[in-house]
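Visitor: one predicted model, sequence on top.
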Amino acid sequence: MNHDSYETEKHCRIRQSLRRNTLAFSVCLFWLTSGPFVPEKLVSWVLSTASGQTTGDEPSTDWIWVHPNSDTQKKILFKKQFQVDKDQTNGKLRFSPCYASLRVKIDGVLVDTASPYQGINETELAQPLSSGSHSLTVEAVGVDGPSAFFIELILANRAHAIKIIRSNTNWKASSSSISTQTGSTVETIVNLGPIESAFAHSSEQRVGINALDNYEQWKLALQGEEATAARFSIAEDFQIQEVPFSSTPETEPGSWVSMTIDPEGRLIIARESSGLIRLTLSAEGDSIQATEWINRDLKECRGLAFRGEELFANANNSKGLYRLRPDGNGFGEPELIYASSGGVGHGRNDLAVGPDKMLYSIHGDAVDLPRNALDHTSPYRDAAKGSKTREGHLLRINPDNGSVEIIAAGLRNPYGIDFNEHGDCFTYDADAEHDMGAPWYRPTRMIHLTTGGDFGWRGVTGAWPAYYPDHPDNAVPGLDIGKGSPTTVKFGSNSSFPAKYRKSLFVLDWAYGRILQVHLLPRGSSYSMTSETFLKGRPLNVTDLEFGANGSMYLITGGRKTQSKLYRVTYTGDQNSVEPAITKELTAHRENCHSFSARSRRLRHELEASLNGEITDKQFSQAWQQLGNTDPWISHAAARVIERMPIAKWEKKALHEMNPAIAVTAITCLIRSQQCQQPGRAIKRLVELARQTSDQVFQDCSHASVHEYAFYGVQLAISQNNGNPAKIAPDLIEILTKMYPAAKAKTAPNPDDAQFNYPANRFLSEILATFGGEQFVKKTLELVFQTTAPEQRLHFLYVLRNVDKGWTPKLRQTYFKYLAMAAEELGGAGLPEFLQQIREDAMKHVPAEERPNLAAIVNATSTSNQPTTPLLTPPRSIVQPWTGDK
């Protein structure tokens, strides 16, 4: 490998880890910029200090539970005593449930919680642990499925020594009845095998963007002057090489935006401006033998796919889906299959042929939803009722008869699309980077595109008051990635890579020049996802990738008129050395998980199939019972089935349902319909459900708590009645005031537990900000004080901005001081504007006589021409270009 053009995997791992430790950064910055030769001892120290990895013969982190694994009616307490020998400087918890609700405590203080289908939780400890004895406890309740969990407590002291407390059979366990909360039985812990390698690394550490990552790296590939030589870091045992492209006036490449492979193994590439070119590769796949045009007219084809011999193109700027039939050595005139109106920014993106041989076309929120299409999403959505909404969506199109179906919606700008071996569909959706740091910000995320899913996004960025896209009745996202600029996604199933790569989903981040490897582990009817960086470059403005006939990965760069290149990625390691390790990892627990997931997928598919036609009584009964399924994807599919039935058939049933999870989901559906004949009764039932579950330690309703669902339903009902709660229930506000703030459990020993029910308090605070009593301001500022997450603190400051009553001069000063502190947080370009708007709104409600006393605080934080909030990626100037000999 040429070290002048490429970075080693060692460099990549260090770069990804440095952000975890500033001392490591200071020591190693020179080594990272001066060449490939980094001292091994330095490598080991940086990686262990920054990422919590250890060296030597360490025990593994295991999935554990108790025996037998059948009783879901008991609470199990897992406990581990440990010693801290020297004062610890920082610590982090990493844990994940598998079909179990978890509450994690250190020395009796609640640190974090997890619902049964949640992925990996990572929590930084707010306070260091002192020298001496400590306890780590996990309160767990299993649900249907092979229950288990793993946990790691990673501690570091001033001498940079790492201590990891891991889940294994060295813990102690006891159980008690959920219903009585009495009795204690000693349990035997069962080791269910080591955690999968996909769980072994921090997702934040492996894919997080930091100040060293430049959003504008793509500008290095702009046309004009000689392009900057690319530098790469790539996974171990892989290599990347450029496939040279010699352009002529006839075959000038332009900027490339998408690619596919024809039945003969040739690359079909779409130019950003217009046209399609075909590249014939050499037998070895490392050079181009021929270049030719196959179409000059279709504009910016962001998606290309072959269905047999026919080529289909999602032509964004031509605003349609086109078919090109084979004609000799080329193709005939494009035939319009589906025309779409709307804009082209977040436009007509990727295209894929599904397992059913239908075309799947994914669009961003600038493209209008089709009229008169068969819509599998909820009939209660605004779009289904005729309102025009801005939301990305997935279409299924039959090219033989032109029929169009809406499969999923509520996306921002999903670019890529691909299917796994089970026929499940995935995409990588974009964030609104402008909103970073705000409580309504949603990061880029991996999404399992289930049939009927509404993922909540509506294109209203910049609106005030702000729009929150996340609601408990949304379809469930898969994995939050963070900052990025998604382009395509592709499973490695057609690669010649080792098994763990063939099962992975490769996702492209255009802005930060990287390819992420997403691991999908079956969990119920969907998947638990983790990610790591597979390839990173500068510049590497990746737009698409494919796997050639020889199993090599081919990727192209381009977009925004940048100079395009073609690269090939090959595996150079020993194939046989990898396969046995994967087989040995398949423990009995993992086999049970795979079997349970297969049954769960079949159930979800049965429910989704019910959306296609008239629903029978049997299908209705099945769906009703599944409303309370702890699998959120099954519960969501069941709700879409129920919503297709006449309200008269199930309104009374919903109001009399005794199962809290079924009841709260059904009543929320009833309120969403805007056809509820007894809104007052529905609201009271929701409040009753929240009250009933407030004393329960575990109150999970699929991915959301009964609390969260209930208060969301109440807020929805109030908004539907012109914002007048008295019209629905005269005593509603009095009742809600007594319930605010909502805690995870009344009986919890730690009064700060309220902060861990932020979703429920988010909805309660929004309701009571308008109708709450004199104590609302004081209670909400207490939540601001308790909450450690900046975006959650900002939410409470946001809802307080228009409150008139309950203030004292001291409370107002406290409020504006917290607002000043918010200006010091990292955020997107829009955060200073949001803070300024909140400040201006709040000042309108300050009496004139109090304003002079607040002037010093307010004037110190008022925005000017220069933002008071630093951007997440601060601009950097070049002080001196460094080379290896410097």
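Guide: Noted; the coordinates are in hand.
Visitor: going forward, measure contacts and count neighbours with C-alpha atoms only.
Guide: Will do.
Visitor: low-confidence ranges in the stretch 551-700 of the chain?
Guide: The stretch 551-700 of the chain contains residues with pLDDT under 70 at 576-586, 693-700.
Visitor: the same query, at a cut-off of 80, please.
Guide: Applying pLDDT under 80 to the stretch 551-700 of the chain picks out residues 575-587, 692-700.
Visitor: which residues in it form helices?
Guide: For the stretch 551-700 of the chain, the helices defined by DSSP state H, counting those that start in this stretch occupy 579-585, 588-609, 617-626, 632-642, 647-656, 660-672, 679-693.
Visitor: could you measure from the closest residue to residue 130 other than its chain neighbours over to residue 128?
Guide: Excluding its sequence neighbours, the residue lying closest to residue 130 (Cα to Cα, 6 or more residues apart in numbering) is residue 87, at 5.2 Å. In this structure, residue 87 and residue 128 are 8 Å apart, going by Cα to Cα, to the nearest Å.
Visitor: what comes up buried for stretch 483-502?
Guide: Applying a neighbour-count criterion of 16 or more other Cα atoms under 10 Å, one finds 483-501 buried in stretch 483-502.
Visitor: now that stretch: mean pLDDT?
Guide: For stretch 483-502, mean pLDDT rounds to 94.
Visitor: end to end, how far does that stretch reach?
Guide: End-to-end distance for stretch 483-502, by Cα to Cα: 26 Å.
Visitor: what distance separates it from the centre of its chain?
Guide: A distance of 17 Å separates the centroid of the chain from that of stretch 483-502, by Cα atoms, centre = their mean, to the nearest Å.
Visitor: how far off helix 588-609 does the helix or strand hosting residue 191 point, in degrees?
Guide: Per DSSP states H and E: residue 191 is located in strand 189-194. On the basis of axes from the mean of the first three to the mean of the last three Cα atoms, to 10 degrees, strand 189-194 is oriented at 80 degrees to helix 588-609.
Visitor: for this protein, which strand extends over the most residues?
Guide: Counting by DSSP state E, the longest strand found in the chain is strand 526-538.
Visitor: elements contacting that strand?
Guide: Counting contacts by 3 or more Cα pairs under 8 Å, 6 or more residues apart in numbering; DSSP states H and E, strand 526-538 packs against helix 203-207, strand 231-234, strand 479-482, strand 514-523.
Visitor: so where's the stretch 701-850 of the chain uncertain?
Guide: With pLDDT under 80 as the threshold, the stretch 701-850 of the chain has low-confidence stretches at 701-705, 722-729, 743-756.
Visitor: need the strands for it, in chain order.
Guide: 704-705 (DSSP state E, counting those that start in this stretch).
Visitor: average pLDDT for the strand holding residue 191?
Guide: For strand 189-194, the mean pLDDT works out to 91.
Visitor: which other residues reach that strand?
Guide: Here strand 189-194 makes contact (Cα atoms under 8 Å, 6 or more residues apart in numbering) with 60-67, 148, 168-169, 171-173, 585, 587-589.
Visitor: kindly report the same for stretch 619-636.
Guide: 116-117, 143-144, 450, 453, 473-476, 524-526, 600, 603-604, 607, 610, 638-639, 641-642, 659-662, 665-666, 700-703.
Visitor: out of the contacts of strand 189-194, name the ones that lie in strands.
Guide: Among those, the members found in strands (DSSP E) are 62-66, 148, 172-173.
Visitor: from those residues, which is closest to residue 834?
Guide: Nearest to residue 834 among these, counting by Cα to Cα, is residue 148 at 42.5 Å.
Visitor: pairing partners for that closest one in the sheet, please.
Guide: Beta-bridge pairing of residue 148 under DSSP bridges involves residue 98.
Visitor: how much space separates it from residue 116?
Guide: In terms of Cα to Cα, residue 148 sits 10 Å off from residue 116.
Visitor: name the residues contacting each of those two.
Guide: Listed as contacting both residue 148 and residue 116 by Cα under 8 Å, 6+ apart are 97-100, 142.
Visitor: any chance of the helices of the stretch 551-700 of the chain in CSV, with distance to residue 780 and mean neighbour count too?
Guide: Output for the helices of the stretch 551-700 of the chain, formatted as CSV (distance: least, Cα to Cα, whole Å; neighbours: other Cα atoms under 10 Å):
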stretch, distance to residue 780, mean neighbour count
helix 579-585, 48, 11
helix 588-609, 40, 18
helix 617-626, 36, 17
helix 632-642, 30, 27
helix 647-656, 32, 16
helix 660-672, 26, 25
helix 679-693, 20, 20
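Visitor: separation between residue 412 and residue 363?
Guide: Going from residue 412 to residue 363 by Cα to Cα gives 9 Å.
Visitor: got the domain boundaries for this protein?
Guide: 9-51, 62-195, 646-761, 773-886 (automatic domain parsing).
Visitor: which of those sits closest to residue 347?
Guide: With Cα to Cα, the closest approach to residue 347 among the domains of the chain belongs to domain 773-886: 23.2 Å.
Visitor: for the stretch 351-500 of the chain, just list every one of the helices.
Guide: Under DSSP H, counting those that start in this stretch, the stretch 351-500 of the chain gives helices at 499-502.
Visitor: output the below-cut-off pLDDT ranges for it.
Guide: Across the stretch 351-500 of the chain, the ranges flagged by pLDDT under 80 are 461-463.
Visitor: for it, which segments count as strands?
Guide: In the stretch 351-500 of the chain, the segments counted as strands under DSSP E, counting those that start in this stretch are 359-363, 374-375, 392-397, 404-411, 418-419, 425-429, 444-448, 479-482, 486-491.
Visitor: quick one: closest of the ones you listed to residue 436.
Guide: strand 479-482 (9.8 Å).
Visitor: most neighbours among the ones in strands among the contacts of strand 189-194, which one is it?
Guide: Within the ones in strands among the contacts of strand 189-194, residue 65 tops the neighbour count with 28 neighbours, counted by other Cα atoms under 10 Å.
Visitor: residue 194 versus the spatially closest residue to that one that is not a sequence neighbour, what's the distance?
Guide: Excluding its sequence neighbours, the residue lying closest to residue 65 (Cα to Cα, 6+ apart) is residue 148, at 5.0 Å. According to Cα to Cα, residue 148 stands 12 Å off from residue 194.
Visitor: swap in residue 152?
Guide: Applying Cα to Cα, the value for residue 152 to residue 194 is 12 Å.
Visitor: with residue 524 instead?
Guide: The gap separating residue 524 from residue 194 is 20 Å, by Cα to Cα.
Visitor: more neighbours: these two, which one.
Guide: Remark: of residue 524 and residue 194, residue 524 carries more neighbours, 29 against 20, as counted by other Cα under 10 Å.
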